[in-house]
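Visitor: Here you go, sequence then predicted model.
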Amino acid sequence: MTIGNTHKLLAGTLALVLVTGLVSPAYADDNQVVFSSVIVDFLGCDDLVDQTECFWKATGTGNQTSGASHLTFGIETCLEDLESWTPTDGQDGVDTVEIGLDPTTNVTGIKWNFDFDFKEPDQMVTMGVLLNVNATEIDLVDIAVKAGNENEFGVINGPTCVPPDGPTPEPQVPGPTVAGELLSIDSTALFLAGIQSMTVWMVPAVAGLAGAGVYLVKYRAHRD
(Lines give C-alpha, C1' and ligand atoms only; values in the text may rest on other atoms or scores of the structure.)
Protein backbone atom coordinates (compact mmCIF):
# COMPACT_ATOMS: atom_id res chain seq x y z
CA MET A 1 0.00 0.00 0.00
CA THR A 2 1.41 3.34 -1.02
CA ILE A 3 1.65 6.39 1.22
CA GLY A 4 -1.06 8.15 -0.79
CA ASN A 5 -3.48 5.25 -0.37
CA THR A 6 -2.68 5.14 3.36
CA HIS A 7 -3.53 8.83 3.72
CA LYS A 8 -6.81 8.29 1.86
CA LEU A 9 -7.69 5.35 4.15
CA LEU A 10 -6.96 7.37 7.29
CA ALA A 11 -8.97 10.32 5.98
CA GLY A 12 -11.93 8.07 5.22
CA THR A 13 -11.76 6.47 8.66
CA LEU A 14 -11.61 9.88 10.32
CA ALA A 15 -14.61 11.08 8.32
CA LEU A 16 -16.59 7.99 9.35
CA VAL A 17 -15.78 8.59 13.01
CA LEU A 18 -16.81 12.24 12.76
CA VAL A 19 -20.11 11.40 11.06
CA THR A 20 -20.85 8.68 13.60
CA GLY A 21 -20.16 11.11 16.43
CA LEU A 22 -22.48 13.70 14.91
CA VAL A 23 -25.47 11.38 14.53
CA SER A 24 -25.03 9.69 17.92
CA PRO A 25 -26.70 11.12 21.06
CA ALA A 26 -24.50 13.41 23.12
CA TYR A 27 -24.93 11.15 26.14
CA ALA A 28 -24.32 7.85 24.30
CA ASP A 29 -21.37 6.91 26.55
CA ASP A 30 -23.39 7.59 29.72
CA ASN A 31 -26.41 5.40 29.02
CA GLN A 32 -25.14 2.34 30.89
CA VAL A 33 -23.55 1.53 34.21
CA VAL A 34 -22.23 -1.95 34.98
CA PHE A 35 -22.14 -2.97 38.62
CA SER A 36 -20.99 -6.29 40.05
CA SER A 37 -24.52 -7.70 40.23
CA VAL A 38 -26.65 -5.54 37.94
CA ILE A 39 -26.41 -3.60 34.67
CA VAL A 40 -28.44 -0.38 34.49
CA ASP A 41 -29.38 1.17 31.13
CA PHE A 42 -30.91 4.59 30.53
CA LEU A 43 -33.77 4.18 28.04
CA GLY A 44 -34.49 7.87 27.49
CA CYS A 45 -37.12 10.52 28.26
CA ASP A 46 -40.34 11.33 26.41
CA ASP A 47 -41.84 14.83 26.41
CA LEU A 48 -45.59 14.75 26.97
CA VAL A 49 -48.06 17.62 27.30
CA ASP A 50 -46.64 19.59 30.25
CA GLN A 51 -45.02 16.39 31.56
CA THR A 52 -41.94 14.22 31.00
CA GLU A 53 -41.43 10.52 31.61
CA CYS A 54 -38.00 8.87 31.89
CA PHE A 55 -37.05 5.19 32.10
CA TRP A 56 -34.15 2.95 33.16
CA LYS A 57 -33.75 -0.82 32.91
CA ALA A 58 -31.89 -3.00 35.39
CA THR A 59 -30.70 -6.50 34.39
CA GLY A 60 -28.95 -9.08 36.55
CA THR A 61 -25.37 -10.01 35.69
CA GLY A 62 -25.65 -13.56 37.02
CA ASN A 63 -23.16 -12.85 39.81
CA GLN A 64 -23.91 -15.46 42.46
CA THR A 65 -21.61 -13.90 45.05
CA SER A 66 -23.42 -10.63 45.75
CA GLY A 67 -26.90 -9.53 44.79
CA ALA A 68 -28.48 -6.10 44.53
CA SER A 69 -31.20 -5.26 47.04
CA HIS A 70 -32.01 -1.74 45.87
CA LEU A 71 -31.19 0.99 43.35
CA THR A 72 -31.20 4.73 44.07
CA PHE A 73 -31.27 7.36 41.32
CA GLY A 74 -30.11 10.85 42.34
CA ILE A 75 -32.85 12.94 40.72
CA GLU A 76 -32.85 15.40 43.62
CA THR A 77 -33.58 18.45 41.43
CA CYS A 78 -36.80 16.84 40.14
CA LEU A 79 -38.37 15.67 43.40
CA GLU A 80 -40.69 18.69 43.61
CA ASP A 81 -41.97 17.87 40.10
CA LEU A 82 -42.28 14.12 40.72
CA GLU A 83 -45.86 13.04 39.98
CA SER A 84 -45.61 9.23 40.00
CA TRP A 85 -43.31 6.30 39.36
CA THR A 86 -43.37 2.75 38.11
CA PRO A 87 -43.22 0.05 39.34
CA THR A 88 -44.72 1.01 42.67
CA ASP A 89 -44.94 -0.98 45.89
CA GLY A 90 -45.61 -4.67 45.30
CA GLN A 91 -45.34 -4.54 41.49
CA ASP A 92 -42.91 -6.33 39.15
CA GLY A 93 -40.54 -7.53 41.84
CA VAL A 94 -40.46 -4.21 43.69
CA ASP A 95 -40.97 -4.38 47.44
CA THR A 96 -41.19 -0.67 48.29
CA VAL A 97 -40.29 2.72 46.78
CA GLU A 98 -38.80 5.54 48.86
CA ILE A 99 -38.45 9.23 48.00
CA GLY A 100 -35.80 11.52 49.47
CA LEU A 101 -32.43 10.85 51.07
CA ASP A 102 -31.24 7.24 51.08
CA PRO A 103 -29.33 6.97 54.38
CA THR A 104 -27.59 3.80 53.20
CA THR A 105 -25.88 5.43 50.21
CA ASN A 106 -26.36 9.15 51.03
CA VAL A 107 -27.91 9.72 47.59
CA THR A 108 -31.07 11.87 47.39
CA GLY A 109 -33.69 10.89 44.84
CA ILE A 110 -35.88 7.85 44.27
CA LYS A 111 -35.04 4.41 45.64
CA TRP A 112 -36.48 1.09 44.46
CA ASN A 113 -36.21 -1.80 46.95
CA PHE A 114 -36.49 -5.22 45.30
CA ASP A 115 -37.74 -8.55 46.59
CA PHE A 116 -35.16 -10.39 44.45
CA ASP A 117 -31.37 -10.03 44.26
CA PHE A 118 -30.55 -9.93 40.50
CA LYS A 119 -28.33 -13.00 40.87
CA GLU A 120 -29.96 -14.54 37.80
CA PRO A 121 -29.18 -13.00 34.40
CA ASP A 122 -32.83 -13.15 33.34
CA GLN A 123 -33.98 -11.02 36.27
CA MET A 124 -34.92 -7.64 34.87
CA VAL A 125 -37.04 -4.63 35.83
CA THR A 126 -37.87 -1.39 34.03
CA MET A 127 -38.23 1.70 36.23
CA GLY A 128 -39.75 5.03 35.29
CA VAL A 129 -40.71 8.42 36.68
CA LEU A 130 -43.37 10.89 35.57
CA LEU A 131 -42.52 14.56 36.10
CA ASN A 132 -44.82 17.58 36.00
CA VAL A 133 -42.47 19.51 33.74
CA ASN A 134 -41.78 19.37 30.02
CA ALA A 135 -38.56 19.70 28.06
CA THR A 136 -36.55 18.26 30.93
CA GLU A 137 -32.79 18.43 30.46
CA ILE A 138 -30.82 15.19 30.34
CA ASP A 139 -27.66 15.14 32.39
CA LEU A 140 -25.60 12.83 34.55
CA VAL A 141 -27.19 11.86 37.86
CA ASP A 142 -25.81 9.78 40.70
CA ILE A 143 -26.80 6.14 40.93
CA ALA A 144 -26.11 3.79 43.84
CA VAL A 145 -26.71 0.11 44.36
CA LYS A 146 -26.66 -1.94 47.53
CA ALA A 147 -24.80 -5.13 46.64
CA GLY A 148 -24.46 -7.48 49.60
CA ASN A 149 -22.69 -5.59 52.35
CA GLU A 150 -21.15 -3.07 49.98
CA ASN A 151 -22.41 0.08 48.27
CA GLU A 152 -21.47 0.71 44.65
CA PHE A 153 -21.72 4.12 43.01
CA GLY A 154 -21.77 5.48 39.48
CA VAL A 155 -23.34 8.09 37.21
CA ILE A 156 -25.91 7.64 34.47
CA ASN A 157 -28.09 9.84 32.32
CA GLY A 158 -31.33 11.02 33.87
CA PRO A 159 -33.65 14.01 34.14
CA THR A 160 -32.54 17.26 35.74
CA CYS A 161 -35.15 19.91 36.54
CA VAL A 162 -33.90 23.50 36.47
CA PRO A 163 -35.89 26.70 37.06
CA PRO A 164 -36.81 28.75 33.97
CA ASP A 165 -34.37 31.42 32.87
CA GLY A 166 -35.09 35.00 33.83
CA PRO A 167 -34.26 37.56 36.51
CA THR A 168 -35.45 36.95 40.02
CA PRO A 169 -38.10 39.53 40.91
CA GLU A 170 -36.97 41.99 43.55
CA PRO A 171 -39.02 42.11 46.75
CA GLN A 172 -41.40 45.04 47.03
CA VAL A 173 -40.44 47.38 49.88
CA PRO A 174 -43.58 48.92 51.43
CA GLY A 175 -43.68 52.72 51.80
CA PRO A 176 -44.85 54.72 54.81
CA THR A 177 -48.50 54.96 55.80
CA VAL A 178 -50.55 58.17 55.91
CA ALA A 179 -53.99 58.11 57.55
CA GLY A 180 -53.92 54.31 57.51
CA GLU A 181 -53.23 54.14 53.76
CA LEU A 182 -50.05 52.50 52.46
CA LEU A 183 -48.34 54.85 50.03
CA SER A 184 -45.91 53.86 47.34
CA ILE A 185 -42.60 55.64 46.93
CA ASP A 186 -44.00 57.93 44.21
CA SER A 187 -47.11 58.79 46.24
CA THR A 188 -44.96 59.64 49.24
CA ALA A 189 -42.83 61.99 47.13
CA LEU A 190 -45.94 63.71 45.83
CA PHE A 191 -47.33 64.03 49.36
CA LEU A 192 -44.12 65.62 50.66
CA ALA A 193 -43.95 67.94 47.65
CA GLY A 194 -47.50 69.05 48.40
CA ILE A 195 -46.61 69.88 52.00
CA GLN A 196 -43.62 71.91 50.82
CA SER A 197 -45.69 73.87 48.31
CA MET A 198 -48.33 74.57 50.98
CA THR A 199 -45.61 75.92 53.26
CA VAL A 200 -44.38 78.31 50.56
CA TRP A 201 -47.70 80.07 50.01
CA MET A 202 -48.73 80.00 53.68
CA VAL A 203 -45.70 82.00 54.87
CA PRO A 204 -46.83 85.35 53.30
CA ALA A 205 -50.37 84.82 54.53
CA VAL A 206 -49.25 84.24 58.11
CA ALA A 207 -46.96 87.27 57.91
CA GLY A 208 -49.85 89.43 56.65
CA LEU A 209 -52.15 88.33 59.44
CA ALA A 210 -49.44 89.07 61.99
CA GLY A 211 -48.93 92.62 60.57
CA ALA A 212 -52.66 93.31 60.65
CA GLY A 213 -52.77 92.25 64.28
CA VAL A 214 -49.96 94.61 65.22
CA TYR A 215 -51.68 97.50 63.41
CA LEU A 216 -54.96 96.92 65.24
CA VAL A 217 -53.21 96.85 68.61
CA LYS A 218 -51.43 100.15 67.90
CA TYR A 219 -54.64 101.77 66.56
CA ARG A 220 -56.60 100.88 69.69
CA ALA A 221 -53.78 102.06 71.93
CA HIS A 222 -53.69 105.42 70.09
CA ARG A 223 -57.47 105.96 70.52
CA ASP A 224 -57.31 105.22 74.23
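Guide: Looks like it arrived, so ask away. Numbering: from 1, shown residues only.
Visitor: can you pull out the helices in the chain?
Guide: 3-23, 185-223 (DSSP state H).
Visitor: Worst mean pLDDT among these?
Guide: Among these, helix 3-23 has the lowest mean pLDDT, at a mean of 38.
Visitor: Check the gap between Asp46 and Phe55 for me.
Guide: Distance, Asp46 to Phe55, by C-beta to C-beta, to the nearest Å: 8 Å. Quick note: C-beta positions are derived from backbone N, CA and C, even for glycine.
Visitor: tell me the domain boundaries of the chain?
Guide: For the chain, automatic domain parsing gives the domain ranges 27-160, 177-223.
Visitor: possible to save these as JSON lines with mean neighbour count?
Guide: Shown next, in JSON lines, are the domains of the chain (neighbours: other C-beta atoms under 10 Å):
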{"stretch": "domain 27-160", "mean neighbour count": "17"}
{"stretch": "domain 177-223", "mean neighbour count": "10"}
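Visitor: Flag whichever of those domains has the least confidence on average.
Guide: Ranked by mean pLDDT, the domains of the chain bottom out at domain 177-223, which scores a mean of 51.
Visitor: for Ser36, what are its contacts?
Guide: Thr61, Asn63, Thr65, Ser66, Ala147, Glu152 (C-beta atoms under 8 Å, 6 or more residues apart in numbering).
Visitor: ok, now Thr72?
Guide: Taking C-beta under 8 Å, 6+ apart, one finds Asp102, Thr105, Val107, Gly109, Ile110, Lys111, Trp112, Asp142, Ile143, Ala144, Val145 in contact with Thr72.
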